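In: pasting a predicted model and its sequence here:
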Amino acid sequence: MEDLPKCLVSNCDQTARMFVKKLKLYNCYKHFDETYEQAEGERLISPKLVAKKVGVIEQMLRLFKYFTQKECQEKPDERTLKFQQEFTLQVQKLRDDTIHAYEQGSYLDFGDLAQKARNIQADMDGDETFSRFACNIMWKIMQEKLDEDSEIPAWFSGLVPKQQNILQEELKQNKLAIEVLDQKNKKLQQQNEDYKWNLSAKSLGISSSQSPSTVPTNTVNSGQSKPIDVTSGNTIRLELTNLRDMNFLAFLDRRIPILNRMDLNKVPANNQHVKDFLQRYFPIELKFFNFNCSSTLSTGLDYYAEALTVSSTCVREVFSIYNFEICESHLVMLVCANKNMQRFGLQHCKFGLPTVPDFGGKLKGSTLKVLDLNACGRKGYSNWANNQLNFENLVEGLSKEEDFRANLQKIWMKQCGMQLKVIKRIMSKHGFAHLEICGHSK
């Protein structure tokens, strides 16, 4: 009996014959062939079976030495002795590998062993110390013994595998099997979402020539009808003053698949469809998100602030908010929600900060690298040229958060309404002398 593990595919009771190298999983022939290419796997063989075969090879080694001595009629020459020693070392290496695998509760690669056996045979066949007739007789005896159900050699029979290692291997295999099933489940979920989008698109009368995962809207620049492609990896830009773009959000009844970028421009105040989208139908994953671009200054952030913190958990790199009046509570909530973004922006915003904002240690663990405050200091917004205290309060509040201060690398200050030397003085005063100030016209 080969003493191999069971196939790790659910409900399969077949013996595992193949090892998936990349995932480190055991599969029977059937399930391996259904999922993987031959190059992705190794054929398994148990140490117990290998030990039997190595025992036969050791007998062959003794035969080889016997024939050599008989034919030479005297002590073998130096070259023959050297060859015998090399052959003995190769067989000893096979024995050691077998013992190690058995003690560790693991298995051996059949292909690797077969190649080693071929190398040994080639070396022996190339030797000229005894006749071809004697060599053929030896291989015939060898093959007969290999075909027999040979006994386990003495050096192997007394070994005991380390039970702990076997249990650890089983746990590892079970964990890997769960990961593989999880990957398959995610793939099926994505296929299911695409199928749902297909049905939804058909219900809106999209022609078969269009992408099955699209919903019609307008292209703002051309004013002509064009589908919004929600296929994974794409970019979506919606002008929410456009009725058909707003209807796109109103139509949604499930989350959008993974996207590269999404822009929600000209967001109306207190709109339930927008709020529902941020909380319930936001893309599963997104790299870049811009909220309320190309708009006038709005007082409606209070309505969307909490929903924006929900959507921020799905954004991986850049999250930017535009054109809102921002009080201390909004500032604390949104900066803390985006503290592990690569880049976070409050751009074209008006800050109301008569006092130093208190983040209360909520920025501990912050890894934010870039903060965008472009166009916040101009007239009609925060007016930092005539209200430097407003800006300094912001900087001082952030500076009290150690991780935030240590990890922030750049701050964008385009159209900020202040001279560069004033910005640097305030930054240095509050521990941000290391920051690169970007976008300033000087």
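Out: Arrived safely, thanks for sending.
In: show me where the stretch 201-350 of the chain has its strands.
Out: 214-218, 225-229, 235-239, 259-265, 286-293, 315-322, 325-326, 343-347, 350-351 (DSSP state E, counting those that start in this stretch).
In: specify the residue ranges that define each domain of this protein.
Out: Per the record, the chain has its domains at 46-161, 211-438, by automatic domain parsing.
In: tell me which of those domains sits nearest to M18.
Out: With distances scored as Cβ to Cβ, the stretch of those nearest to M18 is domain 46-161 (9.6 Å). The way it works is simple: take the backbone N, C-alpha and C, and place the C-beta from them, glycine included.
In: circling back: buried deepest among the strands of the stretch 201-350 of the chain, which one?
Out: With neighbours taken as mean count of other Cβ atoms under 10 Å, the strands of the stretch 201-350 of the chain reach their highest mean count in strand 350-351, at a mean of 24.
In: that one pairs with which strands, and in what direction?
Out: strand 325-326 (parallel) (DSSP bridges).
In: could I get the average pLDDT for the strand it pairs with?
Out: Strand 325-326 shows a mean pLDDT of 96.
In: one step back: nearest to L181, of the domains of the chain?
Out: Using Cβ to Cβ, the domains of the chain put domain 211-438 closest to L181, at 19.3 Å.
In: surely P354 and N387 touch.
Out: No: between P354 and N387 there is no contact under Cβ atoms under 8 Å: 9.8 Å.
In: so which of these two has more stuff around it?
Out: Legend: neighbour count by other Cβ atoms under 10 Å for P354 and N387, higher for N387 (17 against 11).
In: before we move on, back to that, nearest to Q183, out of the domains of the chain?
Out: Comparing the domains of the chain by Cβ to Cβ, domain 211-438 comes nearest, at 14.9 Å.
In: before we move on, the earlier item: dump the strands of the stretch 201-350 of the chain to TSV, plus distance to A122.
Out: Converted to TSV, the strands of the stretch 201-350 of the chain look like this (distance: least, Cβ to Cβ, whole Å):
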stretch	distance to A122
strand 214-218	62
strand 225-229	60
strand 235-239	60
strand 259-265	56
strand 286-293	56
strand 315-322	55
strand 325-326	78
strand 343-347	62
strand 350-351	80
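In: what about the helices in the protein?
Out: 29-35, 47-72, 78-103, 110-125, 132-147, 154-157, 163-203, 243-251, 272-276, 301-311, 328-337, 388-399, 402-407, 420-429 (DSSP state H).
In: re earlier: and the domains of the chain, which is most packed in?
Out: Greatest burial across those, using mean count of other Cβ under 10 Å, falls to domain 211-438, with a mean of 18.
In: lowest mean pLDDT across the strands of the stretch 201-350 of the chain, which one is that?
Out: Per-stretch mean pLDDT for those is lowest at strand 214-218 (a mean of 35).
In: how close does the nearest residue to G345 once chain neighbours are set aside get to I258?
Out: Spatial nearest neighbour of G345, chain neighbours left out: D372 (3.1 Å); criterion: Cβ to Cβ, 6 or more residues apart in numbering. Using Cβ to Cβ, to the nearest Å, D372 is found at 24 Å from I258.
In: what's the answer for I423, then?
Out: 38 Å.
In: is it true that S311 touches Y281?
Out: No: counting by Cβ under 8 Å, no contact exists between S311 and Y281, whose distance comes to 9.8 Å.
In: N119 is nearest to which of the strands of the stretch 201-350 of the chain?
Out: Closest to N119 of those is strand 315-322 (Cβ to Cβ; 50.5 Å).
In: give me the contact list for the closest one.
Out: 285-295, 301, 308, 312, 334, 338, 341-349, 372 (Cβ atoms under 8 Å, 6 or more residues apart in numbering).
In: redo that, cut-off 6 Å
Out: With contact meaning Cβ atoms under 6 Å, 6 or more residues apart in numbering, strand 315-322 is reached by 286-293, 312, 338, 341-348.
In: hey, what's the closest residue to S294 other than its chain neighbours bridged with?
Out: Of all residues not flanking S294 in the chain, N265 sits nearest, at 4.5 Å (Cβ to Cβ, 6+ apart). Beta-bridge partners of N265, counted by DSSP bridges, are E239, C293.
In: and N265, what does it touch?
Out: By Cβ under 6 Å, 6+ apart, the neighbours of N265 are 239, 293-294.
In: got the end-to-end distance for stretch 9-20?
Out: Its first and final residues considered, stretch 9-20 spans 12 Å by Cα to Cα, to the nearest Å.
In: picking that back up, pick out the shakiest of the domains of the chain, pLDDT-wise.
Out: domain 46-161 (a mean of 66).
In: quick one, what contacts L363?
Out: With contact set as Cβ under 6 Å, 6+ apart, L363 has these partners: 339, 401, 404.
In: touching, the first one and L371? I think so.
Out: No: counting by Cβ atoms under 6 Å, K339 sits too far from L371 to count as a contact (10.6 Å).
In: in JSON lines: the domains of the chain, plus distance to I178.
Out: Converted to JSON lines, the domains of the chain look like this (distance: least, Cβ to Cβ, whole Å):
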{"stretch": "domain 46-161", "distance to I178": "20"}
{"stretch": "domain 211-438", "distance to I178": "21"}
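In: of the ones you listed, which is nearest L4?
Out: domain 46-161 (5.3 Å).
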